[in-house]
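**Q** Sharing a sequence plus its predicted fold:
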Amino acid sequence: MIWQNPWALLGVLTLTLPVFVHLLSRKRAVLQKFPSLRFLGATRLLPTRSPHLTDIPLLLVRLAILLAATLALAQPLWLSSSRKGTLNASVSRVFVIDTGAYLTRGIASGRAPADSARAVAQAMSAQSQASVIVETGTPAEALAGASAWLSAQGTRGEVVVLSDFRFGTLDSAAVARVAPSFGVQLVRVPSPIAVSNDSGFSTTAGHVVAVGDSSATRAEWNLSAGASSDSAVMLHAPANEQALVTAAARAALEIAPHSLAETTYRMAVAFDGAPERGSIVTNAKLPTQAWMASALLMVARSNVLAEAAAEAAVSDTTVAAPFAVVARTLQGWPVVYAAQSVVNGADRLVFLHRGRTSALSAPALLVAIGTTASTDAGAAGREMLTLTDAQLSLLTRPLGELGASAGGGEQAAANRAGLSDARWFWLVALLLLGLETLMRRNADAAAPAEAT
């Protein structure tokens, strides 16, 4: 039994009214005749008042009428097995369609993957009581809003994400933004770019190398000062922290093992204490190439980096021009900032990391850079690394029961369906009202005819 309008139960306070009425009511005086030869003066007959409750049966009937009306206004609903099945059959869905750079390109069939995702969403929406389609290039950022919309529907809810699920598209932190009562379904759509699910890595002297299914994918995180100047991402750190940087690179490779390898796109990361940091700051200038500005913006939008930097501990709070702040602490202090500079005789987009190399923001920065590189528009024709089916299964969440859902659950669903058992209580109230009328009339008829 659930109450769809529980505030109406405050109406039980009205049960005190009939009690007061019976206590304050005045009884008609009864004229008692008796034989006498004495002449008595005429007097006025006054109503009498009793300090005790009278007409108890009539009082109980009136109390029952008010109680039945109060319960009816509270909109009771008895949830039988069949009714629960009816309510659980209603599902609202939010379809989040990934419209990233890869998914808007056509494939061999001439149809872009995003168009295929829209067709799938339209077909699934026909099986939903309510649905909405959200198209975004960053699906992770749309999940919180999707959960809020489902909460307002009052039915079982499910978020359906349609994407190729390249690395960086979705993670457990993003899925956690969906309320636990709602399901999460991940639908993979075909990508116009060859994909790989192998996120392994191997180590060689001086650097860590990401290995894909073919030689087409190769990204190097160079840790040695004498590394080739045409490698994709160079890491600079003091000698005593090389092990920490290596660990950070390996952690990043587990999440985002794909980065740019062309000599046209060069980036570097300099940690506190790196010997090259001074010359990098001296030669820093505003980015002069379009890809640098694009990469800088994409790294700045990384949720992984933002969350890790928020908890970082830094002492210096100043950043001089021409550096642009990429990530800050919760207090607003800069943790990562970037600019164009000369490294090993070549212009690079350089990210300067402030704080301990062992901080979580270090691998988070490398993840953001790797994710940025893997989604770069110039990566067409190369292999793209995606989440495996096993990884997706860990993020998937089945539909929950309606009783545990957010936004009112069964109560809200019953309201929307118009289900209520209030009519039975109204029927009882009407029957009792008829009984009360009959009892009141009988009481009036039984009163002495000469009563005033």
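**A** Looks like it came in fine.
**Q** List the buried residues for stretch 295-307?
**A** The neighbour-count check on stretch 295-307 (16 or more other CB atoms under 10 Å) flags 295, 296, 298, 299, 300, 302, 303, 304, 305, 306 as buried. All C-beta atoms are positioned from the backbone trio N, CA, C, and that covers glycine.
**Q** Check stretch 124-142 too.
**A** Applying 16+ other CB under 10 Å to stretch 124-142 flags 124-125, 128-135, 138-140, 142 as buried.
**Q** Who's the closest spatial neighbour of residue 175, skipping the chain neighbours?
**A** residue 395 (5.0 Å; CB to CB, 6 or more residues apart in numbering).
**Q** count of neighbours near that neighbour?
**A** Using other CB atoms under 10 Å, residue 395 has 18 other residues around it.
**Q** ok, it touching residue 170?
**A** Yes: using CB atoms under 8 Å, residue 395 is in contact with residue 170, at 6.4 Å.
**Q** List the contacts of the residue nearest to residue 175.
**A** 170, 171, 172, 175, 184, 186 (CB atoms under 8 Å, 6 or more residues apart in numbering).
**Q** wait, what's in contact with the fifth one?
**A** It stands for residue 184. 158, 159, 161, 175, 178, 395, 396, 397.
**Q** repeat that for 6 Å
**A** Counting by CB atoms under 6 Å, 6 or more residues apart in numbering, residue 184 makes contact with 159, 175, 178, 396, 397.
**Q** Out of these, who's the most crowded?
**A** Counting neighbours by other CB under 10 Å, residue 159 leads the contacts of residue 184 with 26 neighbours.
**Q** can you pull out the helices in the protein?
**A** Ranges of helices within the chain are 16-24, 56-73, 81-88, 113-125, 139-153, 172-175, 242-255, 277-282, 290-300, 303-310, 361-374, 389-395, 410-417, 422-446, based on DSSP state H.
**Q** State the mean pLDDT of the third one.
**A** Per-region confidence: helix 81-88 scores 66 on mean pLDDT.
**Q** hang on, the earlier thing: identify, from the buried residues of stretch 124-142, the entry nearest to residue 343.
**A** residue 138 (30.0 Å; CB to CB).
**Q** Apart from its neighbours in sequence, what residue is nearest that closest one?
**A** Residue 138 sits nearest to residue 301 (CB to CB, 6+ apart), 7.3 Å away.
**Q** if I look at that neighbour, how far off is residue 146?
**A** Per CB to CB, to the nearest Å, residue 301 is found 19 Å from residue 146.
**Q** want to try a markdown table for the buried residues of stretch 295-307, with distance to residue 119 and pLDDT as columns?
**A** Listed next are the buried residues of stretch 295-307 as a markdown table, based on distance: CB to CB, whole Å; pLDDT from 0 to 100:
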| residue | distance to residue 119 | pLDDT |
| --- | --- | --- |
| 295 | 33 | 86 |
| 296 | 36 | 89 |
| 298 | 29 | 86 |
| 299 | 33 | 89 |
| 300 | 34 | 89 |
| 302 | 31 | 85 |
| 303 | 29 | 84 |
| 304 | 31 | 83 |
| 305 | 35 | 89 |
| 306 | 34 | 89 |
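**Q** Low-confidence regions, the stretch 151-300 of the chain specifically.
**A** Along the stretch 151-300 of the chain, segments meeting pLDDT under 70 span 167-168, 191-232, 253-265.
**Q** can you give me the strands for it?
**A** 156-163, 183-188, 195-196, 201-204, 207-211, 218-222, 233-236, 267-271 (DSSP state E, counting those that start in this stretch).
**Q** Looking at residue 349 now. What's its pLDDT?
**A** We note a pLDDT of 91 for residue 349 in this prediction.
**Q** swap in the one 5 residues further on?
**A** According to the predicted model, the pLDDT of residue 354 comes to 91.
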